[in-house]
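*Asks:* What would the 3D arrangement of this be:
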Amino acid sequence: MSPRYTFTSALPAQSRSSFTKAKKMVQSEDPRYRDIDRMLARAYIELQRQRVQQRKAGVFMPRMDLCDDPDNRLVTAIFELPGMKADQLSVHIENRHLIVEGQRMGPHLHARHQSVAPSEPTPPALYPVQEIKYGKFRREVKLPEGVTRMSAAC
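*Replies:* Residues are numbered from 1 along each chain as shown. Take a look at the predicted model:
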């Protein structure tokens with residue numbers, strides 16, 4: 001006959017459920033932080049919605065650093081677009097959003113230089129690892145209250 005094993009828990013069965021734990025956290029939450037939590041959740045959901053829309057449209061969002069210096073009235077946005085020139089970018093303001101968009105062309109690093117007969121098709125270069133994003137991009141930055149087209153500079 002095999003031995004019977006019994007497990008006991010220090011917690012009652014009802015508190016072990018993740019729903020019950022989450023419910024207790026919400027009930028014990030400090031109301032001063034509720035508005036901040038909701039604001040951050042809305043911003044996160046909006047960002048995810050934008051990313052899904054852009055993926056469907058075949059557009060990517062370049063990474064960005066945003067610097068808001070409290071001692072200065074300037075807000076600086078730095079976009080990660082290496083190799084891009086200013087004339088390859090479209091920068092404009094629309095509905096209180098700064099919009100930066102353009103298209104980043106893929107590299108032509110591996111053009112075939114071997115002597116191949118013109119009648120033979122040249123096989124495309126293979127990229128076993130491709131982490132750099134190419135193609136159309138678009139990034140929107142919501143402008144602070146009071147910013148107008150005249151006061152914005154790019």
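
*Asks:* What mean pLDDT does whichever helix or strand Ile99 is part of get?
*Replies:* With elements taken from DSSP states H and E, the one containing Ile99 is strand 97-104. Per-residue pLDDT values over strand 97-104 give a mean of 88.

*Asks:* who's in contact with it?
*Replies:* 62, 77, 79, 81, 83-84, 88-93, 133-143, 152, 154 (Cβ atoms under 8 Å, 6 or more residues apart in numbering). Quick note: C-beta positions are derived from backbone N, CA and C, even for glycine.

*Asks:* CA atoms only: put the longest helix along the chain into CSV for me.
*Replies:* When the chain is parsed with DSSP state H, its longest helix is helix 34-57. Included here for helix 34-57 are C-alpha records, laid out as CSV according to Å, rounded to 0.1, in the frame of the first residue of the first chain:
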residue,chain,number,x,y,z
ARG,A,34,-5.4,55.6,-8.6
ASP,A,35,-5.4,58.6,-11.0
ILE,A,36,-1.7,58.1,-11.9
ASP,A,37,-2.3,54.4,-12.4
ARG,A,38,-5.2,55.0,-14.7
MET,A,39,-3.3,57.7,-16.7
LEU,A,40,-0.3,55.3,-17.2
ALA,A,41,-2.6,52.5,-18.2
ARG,A,42,-4.4,54.7,-20.8
ALA,A,43,-1.1,55.8,-22.2
TYR,A,44,0.2,52.2,-22.4
ILE,A,45,-3.0,51.1,-24.1
GLU,A,46,-2.8,53.9,-26.6
LEU,A,47,0.8,53.1,-27.4
GLN,A,48,0.0,49.5,-28.0
ARG,A,49,-3.0,50.5,-30.2
GLN,A,50,-0.7,52.7,-32.3
ARG,A,51,1.9,49.9,-32.7
VAL,A,52,-0.8,47.4,-33.8
GLN,A,53,-2.1,49.9,-36.4
GLN,A,54,1.3,50.7,-37.7
ARG,A,55,2.3,47.0,-37.9
LYS,A,56,-0.8,46.4,-40.0
ALA,A,57,0.1,49.3,-42.3
